[in-house]
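>>> sequence plus the predicted model coming up.
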Amino acid sequence: MALIVQKYGGTSVGSPERIKNVARRVAKFKAQGHQVVVAVSAMSGETNRLIALAKEIQAQPDPRELDVVVSTGEQVTIGLLAMALQAEGLKAKSYTGDQVKILTDSAHTKARILSIDEQNIRTDLANDYVVVVAGFQGVDEHGNITTLGRGGSDTTGVALAAALNADECQIYTDVDGVYTTDPRVVPEARRLKSITFEEMLEMASLGSKVLQIRSVEFAGKYKVKLRVLSSFLEEPGEGTLITFEENNKMEQAIISGIAFNRDEAKITVLGVPDKPGIAYQILGPVADANIDVDMIIQNVGTDGSTDFSFTVNRTDFAKTMDILKNQVQGHIGARAVVGDSKTAKVSVVGVGMRSHVGIASQMFRTLAEEGINIQMISTSEIKISVVIDEKYLELAVRVLHKAFDLDQEDA
Ligand code: ADP
Ligand code: ASP
Ligand code: MG
């Protein structure tokens, strides 16, 4: 007997029929003698609908009240799934985040899980219940409902698995595992049998939204056995296992995958005095406005001045330009502030980079051959990222996928 946490995403619970399918899958695991805890998302499209509704009332919804509204999506799913499980003849009980108690900090719309009180769940499991928990939501120390950021149900699933010391956390979604890149963009993408935790962390942080980055962080921290599987296949097979060892990979590719992010916007402050404190004077006010900065590049100064570029999420572009033009440019004596919100980031990721040279030059050559201009570059030990014009994004991903031998052989 094993204790398994299963998480089902929006598409997987997108209709009553699909919810019944989930219940049938859970029933199979129960029939094999396992204990099952299920975390679910809102039905597909529901979270977007709720956010749009809130914006009709308030252009910039109050974060506390927005969480009250958007958390309802998951509450509907848990009730429906518990009913579907009962219809399968199982004992089932649903819990909201508050009822469990999934305690979070108070950062509305992007809260972090602090602890999970798993006692009631354990008692229910011991009494043969299937426990269904609302993903994406928690409660802070003052009793306010919080949510965990888009895609946050993955994190609920993994955090539950960690708290319960589960044998495995299975993330059921609309693809049958983690692919070398998004299979919706590159049909030749291949499913990976396994990917190291480190690589998955990079992929998730660089834009592969198949797993929310915090869920991967949790899995790493608490050594949760994490697997991504299809909820649509009767027999989902082995999906993709996130592993902690690098040397058990049969595939041994240098590059494991290509991640991309369409939401990158680039800003350059031109003619910045080249002296101590400038980076802080540019980015301090941006940070104060709670805007995340991603890539940062400062050129080598000539004639006492230099250019300073960085990227932010596209949704923060206008606000950042405003801050720079009105608070920073005059203050530091910069020549101009220019920006481009139609940029995208493409990254190649792989632990094999540690032991191989020439990956960067191969990447740059491949892009050059297609006439794709690289606007910014950043690297770490296991990834290389470039910022390019958004209109070349799909082409760049496809040619890199091929150049690094990731295309399926029979495609
Ligand atoms: P869910 O609603 O189940 O959480 P998501 O839409 O959040 O599903 O995540 C699954 C989607 O992630 C897939 O449909 C796929 O388009 C996308 N995706 C992006 N990168 C990858 C990748 N490397 N491997 C698999 N899927 C990916
Ligand atoms: N329903 C939430 C969202 O759409 C959480 C999730 O699906 O993981 O982001
Ligand atoms: Mg998701």
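Arrived safely, thanks for sending. Ligands and ions are numbered 1, 2, ... in the order given.
>>> only C-alpha atoms from now on, for both contacts and neighbour counts.
OK.
>>> tell me where the stretch 101-250 of the chain has helices.
Along the stretch 101-250 of the chain, the segments classed as helices by DSSP state H, counting those that start in this stretch run 119-126, 153-164, 197-205, 213-222.
>>> the longest one - contacts with which helices or strands?
When contacts are defined as 3 or more C-alpha pairs under 8 Å, 6 or more residues apart in numbering; DSSP states H and E, helix 153-164 sits against strand 3-8, strand 35-40, strand 113-116, strand 168-173, helix 213-222.
>>> list the buried residues of that helix.
Using 16 or more other C-alpha atoms under 10 Å as the test for burial, helix 153-164 gives 153, 154, 155, 156, 157, 158, 159, 160, 161, 162, 164.
>>> tell me which two of the residues you listed sit farthest apart.
Taking C-alpha to C-alpha, the two most distant members of those are 153 and 164; they sit 16.4 Å apart.
>>> is it true that residue 128 touches residue 121?
No. Residue 128 is beyond contact range of residue 121, at 10.6 Å (criterion: C-alpha atoms under 8 Å).
>>> and the stretch 151-300 of the chain, which residues reach ligand 1?
Residues of the stretch 151-300 of the chain found near ligand 1 (C-alpha under 6 Å from any ligand atom) are 151, 173-175, 177-182, 184, 208-210.
>>> mind showing which ranges of the stretch 151-300 of the chain have poor pLDDT?
Residue ranges of the stretch 151-300 of the chain with pLDDT under 70: 246-252.
>>> now residue 67: which helix or strand?
Assigned by DSSP states H and E, residue 67 belongs to helix 63-70.
>>> that helix - contacts with which helices or strands?
helix 46-57, strand 145-147.
>>> most packed of the ones you listed?
strand 145-147 (a mean of 30; mean count of other C-alpha atoms under 10 Å).
>>> adjacent strands (with direction) for it?
strand 137-139 (antiparallel) (DSSP bridges).
>>> and the strand it pairs with with ligand 2, contact?
No. Using C-alpha under 6 Å from any ligand atom, strand 137-139 never reaches ligand 2; the gap is at least 8.4 Å.
>>> average pLDDT for that strand?
For strand 137-139, mean pLDDT is 98.
>>> what of stretch 319-338?
95.
>>> ok, which of the helices and strands packed on helix 63-70 comes nearest residue 101?
Nearest of the helices and strands packed on helix 63-70 to residue 101, taken as C-alpha to C-alpha: strand 145-147 at 10.8 Å.
>>> what pLDDT does residue 71 get?
98.
>>> residue 398: what's it in contact with?
If you count contacts by C-alpha atoms under 8 Å, 6 or more residues apart in numbering, residue 398 has them with 185, 186.
>>> now it: which helix or strand?
helix 393-403.
>>> okay, buried residues for that helix please.
393, 394, 395, 396, 397, 398, 399, 400, 401.
>>> can you redo these as a markdown table with distance to residue 99?
A markdown table is the format used below for the buried residues of helix 393-403 (distance: C-alpha to C-alpha, whole Å):
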| residue | distance to residue 99 |
| --- | --- |
| 393 | 44 |
| 394 | 44 |
| 395 | 47 |
| 396 | 46 |
| 397 | 44 |
| 398 | 46 |
| 399 | 49 |
| 400 | 47 |
| 401 | 45 |
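>>> please render those as TSV that adds distance to ligand 1 to the earlier fields.
As requested, the buried residues of helix 393-403 are exported to TSV (distance: C-alpha to the nearest ligand atom, whole Å):
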residue	distance to ligand 1
393	14
394	13
395	16
396	15
397	12
398	13
399	16
400	14
401	12
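>>> can I get the helix holding residue 398 as PDB, trimmed to CA atoms?
Taking Å, rounded to 0.1, in the frame of the first residue of the first chain, the C-alpha atoms of helix 393-403 are listed here in PDB:
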ATOM      1  CA  LEU A 393      10.200  33.000 -31.200                       C
ATOM      2  CA  GLU A 394       8.700  29.900 -32.700                       C
ATOM      3  CA  LEU A 395      11.300  29.700 -35.400                       C
ATOM      4  CA  ALA A 396      14.100  30.000 -32.900                       C
ATOM      5  CA  VAL A 397      12.600  27.300 -30.700                       C
ATOM      6  CA  ARG A 398      12.200  25.000 -33.700                       C
ATOM      7  CA  VAL A 399      15.600  25.400 -35.200                       C
ATOM      8  CA  LEU A 400      17.300  25.100 -31.800                       C
ATOM      9  CA  HIS A 401      15.300  22.000 -31.000                       C
ATOM     10  CA  LYS A 402      16.600  20.500 -34.200                       C
ATOM     11  CA  ALA A 403      20.200  21.700 -33.900                       C
END
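>>> report the mean per-residue pLDDT for that helix.
The average of the pLDDT scores along helix 393-403 is 97.
>>> which strand residues bridge the closest residue to residue 387 other than its chain neighbours?
Closest residue to residue 387 apart from its sequence neighbours, by C-alpha to C-alpha, 6 or more residues apart in numbering: residue 345 at 4.4 Å. Beta bridges link residue 345 to residue 261, residue 387, judged by DSSP bridges.
>>> can you say which of the helices of the stretch 101-250 of the chain is nearest to ligand 2?
Proximity to ligand 2 (C-alpha to the nearest ligand atom) singles out helix 153-164 among those, at 3.7 Å.
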